[in-house]
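Undergrad: one predicted model, sequence on top.
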Amino acid sequence: MQVTRELFNEVMVPNYNPADIIPVRGLGARVWDQEGNEYIDFAGGIAVNVLGHCHPELVNVLKEQGEKLWHLSNVLTNEPVLRLAKKLTDATFAEKVYFANSGAEANEAALKLARRFALDNYGPEKDQIISFKQGFHGRTFFTVTVGGQAAYSDGFGPKPGAIDHVDYNDLSALEAIMSERTCAVMMEPLQGEGGIISPTQSFVEGVRDLCDKHNALLIFDEVQSGVGRTGELYAYMGLGVTPDILTSAKALGGGFPIGAMLTTTAIAAHLKVGTHGSTYGGNPLACAVAEKVLDIVNTPEVLNGVKQKEQQFREGLKAINDKYHVFDEVRGKGLLLGCALNEKYQGRARDFLVASAKEKLMCLVAGANVVRFAPSLTLTDADIQEGLARFERAVAAVVNA
Ligand SMILES: Cc1ncc(COP(=O)(O)O)c(C=O)c1O
């Protein structure tokens with residue numbers, strides 16, 4: 001069968017609009033398309049391929065597990081899931097883990113748990129969930145409604161209720177809306193899709209204090225910021241503010257679908273037998289791969305490497321900007337970086353993405369005004385240099401167009 005981009009339009013639901021090329025192979029930070037063109041990948045499958053493409057140790061563990069046991073369902077437990085849960089709880093504040101298949105599912109579990117916890121402890125009046133404008137938490141109807149972009153949640157009929165949004169980094173707005181009715185506050189400790197926005201230290205600390213004051217749970221959505229991305233295993237560690245529930249996905253499987261919700265024993269106790277579940281959650285293949293990802297990422301070598309590579313990116317991007325004057329700032333943390341376009345280039349992030357693709361560089365946008373990079377955490381100096389050289393040519397092409 002001849003597989004072409006046209007086939008996509010013929011057989012796929014049109015909710016995506018992928019690029020014209022079809023990649024067929026990847027290794028480290030490089031990807032090749034059907035024509036054999038080589039790309040540098042600064043997108044990482046949207047902050048997923050944390051160890052690049054086809055990392056040999058991940059390939060090995062997947063092959064080994066693939067010859068042992070693929071799937072059981074949660075009628076039975078398995079060795080990889082228990083090893084992974086043990087390692088995640090050893091490495092974080094959490095004492096208990098629930099596994100899902102994606103970020104949205106991990107967040108769905110977190111939100112349901114928060115509602116059940118409040119109901120059991122305080123009664124049905126305590127149902128308010130507060131989240132932040134421009135936040136993104138997934139595409140199930142509950143998570144997309146908690147997300148702060150009406151464009152994504154409108155047009156599907158009646159929404160789940162008791163969900164309010166306030167501006168990110170606006171502590172007084174949060175304070176004004178919180179009360180004993182507040183069940184949980186859900187936030188990204190570094191907004192990704194919303195434009196690579198870091199929280200101020202006083203804001204995160206303030207959110208934690210307000211949650212404590214009103215007996216509300218603090219949920220950190222670390223689906224994008226987690227698993228080494230910011231140079232810490234999870235971003236909360238760098239902020240020194242501990243949530244009650246944390247969700248992880250994307251990079252956790254290094255490209256194999258998996259999601260996880262982490263919490264304490266006392267909170268977890270409210271998801272009793274039968275209250276929630278998933279056929280695939282905790283699948284042995286996914287958990288075997290994620291265990292290996294965690295073993296490799298949660299080392300000083302990789303985490304410190306992220307901080308060094310961040311500097312290389314920042315220096316390279318500054319040099320480009322000194323020449324072409326297109327960004328107001330480079331923001332974000334670790335290897336989740338956003339170039340915020342200045343006044344002159346407002347709304348044109350996509351143009352930079354398209355120009356980059358022409359230069360055989362894969363990058364991302366975060367809204368209409370930010371070009372985003374979320375590459376492998378282990379990409380080499382040569383990858384960074386060559387990728388930035390391609391990005392410079394792309395910037396020049398947009399500026400000189
Ligand atoms: C912070 C955050 N939460 C949740 C999600 C949803 O994850 P998934 O697409 O795996 O459902 C995303 C995806 O971009 C995300 O960035």
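TA: Looks like it arrived, so ask away.
Undergrad: strands along the stretch 151-300 of the chain, start to end?
TA: Here the stretch 151-300 of the chain has its strands, by DSSP state E, counting those that start in this stretch, at 163-166, 182-187, 217-221, 245-248, 259-263.
Undergrad: contact residues of the stretch 1-150 of the chain facing the ligand?
TA: Within the stretch 1-150 of the chain, the residues that sit near the ligand (Cβ under 6 Å from any ligand atom) are 46, 102-104, 107, 136-138. C-betas here are computed from N, CA, C, even on glycine.
Undergrad: and the strands of the stretch 151-300 of the chain as TSV, adding mean neighbour count and distance to residue 58?
TA: As requested, those are arranged in TSV below (neighbours: other Cβ atoms under 10 Å; distance: least, Cβ to Cβ, whole Å):
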stretch	mean neighbour count	distance to residue 58
strand 163-166	18	37
strand 182-187	25	30
strand 217-221	27	24
strand 245-248	30	17
strand 259-263	29	17
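Undergrad: still on that earlier bit, now, which of the residues of the stretch 1-150 of the chain next to the ligand sits nearest the ligand?
TA: The closest of those to the ligand turns out to be residue 103 (Cβ to the nearest ligand atom; 2.3 Å).
Undergrad: the closest one and residue 222 touch, don't they?
TA: No - using Cβ atoms under 8 Å, residue 103 is not in contact with residue 222, being 9.3 Å away.
Undergrad: mutual contacts of these two, please.
TA: Residues within reach of residue 103 and of residue 222 at once, by Cβ atoms under 8 Å, 6 or more residues apart in numbering, are residue 247.
Undergrad: can you pull the contacts of residue 372?
TA: If you count contacts by Cβ under 8 Å, 6+ apart, then residue 372 has 192, 196, 332, 336-339, 363-366 around it.
Undergrad: next one: residue 324
TA: Counted by Cβ under 8 Å, 6+ apart, residue 324 has contacts 392, 395-396, 399.
Undergrad: over to residue 337?
TA: Contacts of residue 337 (Cβ under 8 Å, 6+ apart): 196, 310, 313-314, 317, 330-331, 372-374.
Undergrad: same check, this time on residue 326
TA: Contacts of residue 326 (Cβ under 8 Å, 6+ apart): 320, 339, 341-342, 344-345, 352, 395, 398-399.
Undergrad: out of those, what pair is the most spread apart?
TA: 320 and 344 (15.2 Å; Cβ to Cβ).
Undergrad: what about those two, which has more around it?
TA: residue 320 (22 against 9; other Cβ atoms under 10 Å).
Undergrad: now, which of the contacts of residue 337 lie within helices?
TA: Mapping these onto helices (DSSP state H) picks out 310, 313-314, 317.
Undergrad: dump these to CSV, plus distance to residue 203, neighbour count and pLDDT.
TA: Formatted as CSV, these follow (distance: Cβ to Cβ, whole Å; neighbours: other Cβ atoms under 10 Å; pLDDT from 0 to 100):
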residue, distance to residue 203, neighbour count, pLDDT
310, 22, 19, 98
313, 25, 23, 98
314, 23, 13, 98
317, 26, 22, 98
